[in-house]
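Engineer: build me a model from this:
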Amino acid sequence: MDTANLKKMIADKIDKIEDEEVLMSLDIIVNELVNGRQDFYDELPDKVKNDIEEAQQELDKGKGIPHEQVMNEIKARYKKS
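Structural biologist: Here you go, the predicted model:
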């Protein structure tokens with residue numbers, strides 16, 4: 001697929017998104033890519049920040065699945081036969 005078609009496909013998908021917080025997050029990501037990496041955490045919507053903080057607290061309490069375990073499960077599931 002060429003770059004122009006890929007850009008159109010992505011734009012078409014984005015055009016269907018109605019959630020303003022998702023659109024704001026995408027805007028931050030795109031700006032980061034265009035303008036260079038910056039610490040964009042402060043620009044995230046409050047809901048996204050709260051979700052990140054809640055997830056971090058759960059991980060600190062030992063909830064969640066270790067990265068290595070997830071990777072092993074994914075590799076096993078999609079292992080070529």
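
Engineer: show me where this structure has its helices.
Structural biologist: 3-15, 20-35, 46-60, 67-77 (DSSP state H).

Engineer: rank the ones you listed by pLDDT, which is bottom?
Structural biologist: Ranked by mean pLDDT, the helices of the chain bottom out at helix 20-35, with a mean of 87.

Engineer: tell me the angle of that helix relative to helix 3-15?
Structural biologist: Going by axes from the mean of the first three to the mean of the last three CA atoms, to 10 degrees, helix 20-35 is angled at 150 degrees with respect to helix 3-15.

Engineer: ok and helix 20-35 relative to helix 46-60, angle-wise?
Structural biologist: If you take the same axes, to 10 degrees, helix 20-35 sits at 90 degrees to helix 46-60.

Engineer: tell me what helix 20-35 is packed against?
Structural biologist: Packing partners of helix 20-35 (3 or more CB pairs under 8 Å, 6 or more residues apart in numbering; DSSP states H and E): helix 46-60. Using the backbone N, CA and C atoms, a C-beta is placed for each residue, glycine as well.

Engineer: distance of residue 1 from residue 69?
Structural biologist: In this view, residue 1 and residue 69 are 34 Å apart by CB to CB, to the nearest Å.

Engineer: no wait, residue 76
Structural biologist: Separation of residue 76 from residue 69 (CB to CB): 11 Å.
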